[in-house]
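> Pasting the sequence and the predicted coordinates here, then a few questions.
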Amino acid sequence: MSVVRGYIVPGKPQPLLTPDAAPGYRKLADAFGTVREEIAASDADLIMIYSTKWLSVIGHQIQADPSPTWVHVDHEWHDLGEIPYSFSIDAEYAAAYEAAAKKRGLTARTVAYKGFPIDTGTITALKLLNPENRIPACVVSCNMYADRAETIVLGKAARDAAMQLGKKVVAIAVTQLSNRMVTEFIEPKSDRISSLKDDEWNRKILEFLGNGRLEDVSQLARQFFREANADQRFKAVWWLAALMGQNNDYEGRVLAYEPIWGTGSAVVSLKPVERGATNVEFDEDDVEVYRGDRNVLDR
Amino acid sequence: MSGRIVMGALAPHPPHLVYADNPKQNEPRAEGGWEVLRWGYDALRAKLKKKDYDVIIVHSPHWRTVVGHHFLGVPHFKSLSVDPIFPNLFRFHYDLKVDVPLAEAMCAEAASQGLVTKMMRNPKFRIDYGTVTACHMVNPDWDKPIVGVSANAAYDYFGNDVGDRQMIALGQAARRAVEKLGRRALVISSCSLSHRHFTTEPGVPEDMSYERIYNHNQYLWDMHVVKLLKAGKARELLDEMPDFIDQSVSEARAGSLTFLLSAMGFPTHPAEVHAYGTVIGTGNAVVSWDMEAA
């Protein structure tokens, strides 16, 4: 097993549905195209997605319908049109992921129901990155209550399952950076990051990622969330870093960074390399088995 | 022609309640469960049977929007609603009609109040399970048109006070639109009270030996809110709403409860509490206000 590439992509539908409505949307769509070509040129046999747009409450849900098919309309952006989709899901991997997550102490289950509402972020990513369904995919939800330890264990479980099945994985975190949307209707051409502070934090995070320092970003996620209202506490990066091996050994490239309705939206490529940025400082726990939240009030 | 809101109801939407009722539209089958809440809905429906109303206005936390308040604007929807969180419990085939003229009037009234608004005109749009569940539980015959209203995220973006201000304006807009169009409306708030869930589920979801409130703090807040409603102290509840939201992780953060209270003009007559119960740790009450008896 190996993770051949890691990516961070935004989950809003504009790059798919209205790429030419704003120059920034076009740049993001083009960056998706670059990633699509990289994935096609890789020898990956699984695209593994964690999407902040698929929230769960009962543990972690893993998509296992071999061929989910629907016509999706976004609840916010319904005026941008429909997105028909039919994806190829690796149900064998989904089952292995569920088992691996349970083995590490997590609550997890697969879902395979006709008409299950696959989220806009996952749909956008798969439509733009794997349009012919050449590589089977799998998707895991974002538990709304999970914090760092639980999400890291979820990433490790994804790795366990890939190792068990000998998969070559492209790992994709679908997440915004800063996630403050503009709350009024605007002309897309006038889109901008909601605040200078969000913009500065986004750029700092992207500087780290551009240097391949994924684990450092993972360990900065809490502060980034507090300062820049990061998407779902930026937990997608915890998952991504854990799945990819918790290090900074990457060649990082920021392919695009643009606003989508005020949010920080970036396409980032992370290619594993030897000694990318190894000389770094890690300071958080490395959790192997999830044993529940540490409730300080009980101590 | 002068219409009015004839009744308001707090109509929580855990999909468990539909699941436990085993209606033909829902694919999964249950052995029962959550009876007290379902009996509460029985009592609410019995009251509604005696009411002459012609539309249901529903505000749902699970149609979440950030850019403005959205209104269903297509006359007819027919599709399958699958709960993304509890797909094992809720896969419901719905077939519903929308009172588009009333939705448009509400949208226009809200815009005139300075709110950001939008009509939802896409016929492929899938109705959220919060709307479907609440509407089914109050009217399983589906013989009344609805007006579906999204839950704007103003509470999250700006704070509870700002969210409440917007929902007050939205509720007033709904009332004015109902009056102008001469409708006799039932307004429902599709939301729980306290809203911290357990993150595990028993093997048999309706195994009631697992069901209880998530913690005592939530229970105390829920009981406080219920007492205020029974005492006709809707205004006092509004005053305390920001604390209630923060301290009990309340789903009132979606604005549905404030919208309802505002649409009814913050009633001073006692609410009728039909039931209180928990669903996967969250606190839920079925409550109604007969606005013609006030």
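Here it is on my side, so go on.
> partners of the lengthiest strand in chain B, with directions?
In chain B, taking DSSP state E as the definition, the longest strand is strand B:55-65. Paired with strand B:55-65 in the same sheet, following DSSP bridges, are strand B:146-152 (parallel), strand B:184-189 (parallel).
> how about those strands in JSON lines, adding mean neighbour count and mean pLDDT?
Where C-beta positions appear, they are placed from N, C-alpha and C, glycine not excepted. Listed next are the strands paired with strand B:55-65 as JSON lines, based on neighbours: other C-beta atoms under 10 Å in any protein chain shown; pLDDT from 0 to 100:
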{"stretch": "strand B:146-152", "mean neighbour count": "28", "mean pLDDT": "98"}
{"stretch": "strand B:184-189", "mean neighbour count": "27", "mean pLDDT": "98"}
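> and those as CSV, adding distance to B:Leu238?
Formatted as CSV, the strands paired with strand B:55-65 follow (distance: least, C-beta to C-beta, whole Å):
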stretch, distance to B:Leu238
strand B:146-152, 17
strand B:184-189, 13
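> most remote residue from chain B's center?
In chain B, the residue that sits farthest from the middle, by C-alpha atoms, centre = their mean, is B:Gly203; the gap is 28.3 Å.
> Is it in a helix, a strand, or coil?
What DSSP: H, G, I helix; E, B strand; the rest coil gives for B:Gly203 is coil.
> Just give me the residue right at the centre of the chain.
Chain wasn't specified; assuming chain A. Short answer for chain A (C-alpha atoms, centre = their mean): A:Ala173, at 1.4 Å.
> if you could check chain B rather than the one you did, that'd help
Mean-position check on chain B, C-alpha atoms, centre = their mean. Result B:Ser190 at 1.3 Å.
> show me the contacts for the residue nearest to it when sequence neighbours are not counted.
In this structure, B:Ser190 finds its nearest non-sequential neighbour in B:Ala134, 3.6 Å apart by C-beta to C-beta, 6 or more residues apart in numbering or on different chains. Neighbouring residues of B:Ala134 by C-beta atoms under 8 Å, 6 or more residues apart in numbering or on different chains: B:Ala11, B:Pro12, B:His13, B:Val58, B:Ser60, B:Ile188, B:Ser190.
> Any of the residues you listed buried? List them.
Buried members of the contacts of B:Ala134, scored by 16 or more other C-beta atoms under 10 Å in any protein chain shown, are B:Ala11, B:Pro12, B:His13, B:Val58, B:Ser60, B:Ile188, B:Ser190.
> Please tabulate these in a markdown table, including the columns distance to A:Asp199.
Putting those into a markdown table (distance: C-beta to C-beta, whole Å) gives the following:
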| residue | distance to A:Asp199 |
| --- | --- |
| B:Ala11 | 42 |
| B:Pro12 | 40 |
| B:His13 | 38 |
| B:Val58 | 39 |
| B:Ser60 | 34 |
| B:Ile188 | 41 |
| B:Ser190 | 37 |
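> Relative to chain A, which of these is nearest.
Of all these, chain A sits closest to B:Ser60, with 10.4 Å by C-beta to the nearest C-beta.
> Surely that closest one is in contact with B:His13?
Yes. Counting by C-beta atoms under 8 Å, B:His13 is a contact partner of B:Ser60 at 7.1 Å.
> residues shared between the contacts of these two?
B:Gly130, B:Thr131, B:Ala134, B:Ser190.
> Dump these to JSON lines, plus pLDDT and secondary structure.
Converted to JSON lines, those look like this (pLDDT from 0 to 100; DSSP: H, G, I helix; E, B strand; the rest coil):
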{"residue": "B:Gly130", "pLDDT": "96", "secondary structure": "helix"}
{"residue": "B:Thr131", "pLDDT": "98", "secondary structure": "helix"}
{"residue": "B:Ala134", "pLDDT": "98", "secondary structure": "helix"}
{"residue": "B:Ser190", "pLDDT": "95", "secondary structure": "coil"}
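> Format these as JSON lines; extra columns: distance to A:Ser265.
Formatted as JSON lines, the shared contacts of B:Ser60 and B:His13 follow (distance: C-beta to C-beta, whole Å):
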{"residue": "B:Gly130", "distance to A:Ser265": "28"}
{"residue": "B:Thr131", "distance to A:Ser265": "29"}
{"residue": "B:Ala134", "distance to A:Ser265": "34"}
{"residue": "B:Ser190", "distance to A:Ser265": "31"}
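> now for the helix or strand bottoming out on mean pLDDT in chain A, which elements pack on it?
When the helices and strands of chain A are scored by mean pLDDT, DSSP states H and E, helix A:214-228 comes last with a mean of 94. Judged by 3 or more C-beta pairs under 8 Å, 6 or more residues apart in numbering or on different chains; DSSP states H and E, helix A:214-228 is in contact with helix A:196-210, helix A:235-244.
> closest to chain B out of those helices?
helix A:196-210 (13.0 Å).
> who touches that closest one?
Here helix A:196-210 has contacts from A:8, A:177-178, A:180, A:193, A:216-217, A:220, A:224, A:227-229, A:252-254, A:257, A:264, A:266, A:268, A:270, using C-beta under 8 Å, 6+ apart.
> Please convert the buried members of those residues into PyMOL selection syntax.
Buried subset of the contacts of helix A:196-210, written as a PyMOL selection, criterion 16+ other C-beta under 10 Å:
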select buried, chain A and resi 8+177+178+180+193+216+217+220+224+228+229+252+253+254+257+264+266+268+270
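> can you count the residues close to the closest residue to A:Pro66 other than its chain neighbours?
Spatial nearest neighbour of A:Pro66, chain neighbours left out: A:Ala91 (4.9 Å); criterion: C-beta to C-beta, 6+ apart. For A:Ala91, the neighbour count with other C-beta atoms under 10 Å in any protein chain shown is 18.
> Kindly export the longest helix seen in chain B (C-alpha atoms) in PDB.
Ranked by number of residues, the top helix in chain B under DSSP state H is helix B:160-181. The C-alpha coordinates for helix B:160-181 follow below in PDB (Å, rounded to 0.1, in the frame of the first residue of the first chain):
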ATOM      1  CA  ASN B 160     -27.700  34.600  18.600                       C
ATOM      2  CA  ASP B 161     -29.100  38.000  19.000                       C
ATOM      3  CA  VAL B 162     -28.700  38.900  15.300                       C
ATOM      4  CA  GLY B 163     -30.200  35.600  14.400                       C
ATOM      5  CA  ASP B 164     -33.200  36.200  16.600                       C
ATOM      6  CA  ARG B 165     -33.700  39.700  15.100                       C
ATOM      7  CA  GLN B 166     -33.700  38.200  11.600                       C
ATOM      8  CA  MET B 167     -36.200  35.500  12.600                       C
ATOM      9  CA  ILE B 168     -38.500  38.000  14.300                       C
ATOM     10  CA  ALA B 169     -38.600  39.900  11.000                       C
ATOM     11  CA  LEU B 170     -39.100  36.700   9.100                       C
ATOM     12  CA  GLY B 171     -42.000  35.700  11.300                       C
ATOM     13  CA  GLN B 172     -43.600  39.100  11.000                       C
ATOM     14  CA  ALA B 173     -43.300  38.800   7.300                       C
ATOM     15  CA  ALA B 174     -45.000  35.400   7.300                       C
ATOM     16  CA  ARG B 175     -47.900  36.800   9.300                       C
ATOM     17  CA  ARG B 176     -48.400  39.800   7.000                       C
ATOM     18  CA  ALA B 177     -48.300  37.600   3.900                       C
ATOM     19  CA  VAL B 178     -50.800  35.200   5.400                       C
ATOM     20  CA  GLU B 179     -53.100  38.100   6.200                       C
ATOM     21  CA  LYS B 180     -52.800  39.800   2.800                       C
ATOM     22  CA  LEU B 181     -53.500  36.600   0.900                       C
END
